[in-house]
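> Below is the sequence, then the predicted model.
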Amino acid sequence: MVKLINKVDRTVTLDDKTEIKIYVQRPNNNLVKLADRHKSKAWNQAVQDDVLTKKELAVLMTNRGVWDEKKDKQEDEITRRIVKLEQELYTGDGKSKPKVSEGRDIAIDIRRARMELRDLIAERISLEDNTAESLADNARFDFLVAHCTYYENGSRVYKSFEEYNQQSADEIAFSAASALGEILY
């Protein structure tokens, strides 16, 4: 059973050594709906600004030779290999789990395969970071950080999404984003 985290407390030390206590609370259903609407607006704005969608990027990468069917097949093969190795690690041959030494070897093979996959898809992922979908996902996350972050006395740290956006590079914002990531992911 997975236990949900509902709240994460943080003490943030500012440059002047001042300590600020904050907490980030799991968003409620209503706030998630508002964040989803914010995400939709961000996606629409990105598309209006001619930011590529993931599908458009895929076509562009194929046309420019950045990504092709061979790389697609290679990605699928590595992914299948990782899944097979994970099954082997957790269930063994179906009759018994692997010995510790065998399990260690399988875990090393999994790690190598994941690194191989990461290296293969790194360029695609770096390009996908700038698609309309990624920008919209980031806007949704930032909206949630802005609305789920509180001082220890219960007052909100950010009065609005815009205020959070203006301060998103400071220590409090960074710590709050990290805490929300811990709660959600």
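Nice, I can see it. Numbering: from 1, shown residues only.
> how much space is there between residue 110 and residue 102?
Note on residue 110: its distance to residue 102, by CB to CB, to the nearest Å, is 13 Å. (Glycine included, C-beta is placed from N, CA and C.)
> who's more crowded, these two?
residue 110 (18 against 13; other CB atoms under 10 Å).
> Skipping adjacent residues, who's closest to residue 62 in space?
residue 68 (6.3 Å; CB to CB, 6 or more residues apart in numbering).
> Please verify my assumption that that neighbour contacts residue 74.
No - judged on CB atoms under 8 Å, residue 68 makes no contact with residue 74 at a distance of 9.7 Å.
> ok, these two, which is more surrounded?
residue 74 (15 against 11).
> so what secondary structure elements neighbour the longest helix along the chain?
Taking DSSP state H as the criterion, the chain has its longest helix at helix 100-128. Secondary-structure packing of helix 100-128 (3 or more CB pairs under 8 Å, 6 or more residues apart in numbering; DSSP states H and E): helix 54-63, helix 69-91.
> swap the cut-off to 6 Å and go again
helix 69-91 (3 or more CB pairs under 6 Å, 6 or more residues apart in numbering; DSSP states H and E).
> List of residues touching the helix it packs on?
Contacts to helix 69-91, defined as CB atoms under 6 Å, 6 or more residues apart in numbering, come from residues 103, 106, 109-110, 113, 116-117.
> Just the buried ones from the residues you listed, in PyMOL syntax?
Applying 16 or more other CB atoms under 10 Å to these, the buried members can be selected in PyMOL as follows:
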select buried, resi 106+109+110+113+117
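> Could I get the contacts of helix 69-91 in CSV, plus columns for distance to residue 43 and pLDDT?
Putting the contacts of helix 69-91 into CSV (distance: CB to CB, whole Å; pLDDT from 0 to 100) gives the following:
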residue, distance to residue 43, pLDDT
103, 43, 89
106, 41, 92
109, 39, 95
110, 35, 95
113, 33, 96
116, 32, 94
117, 27, 94
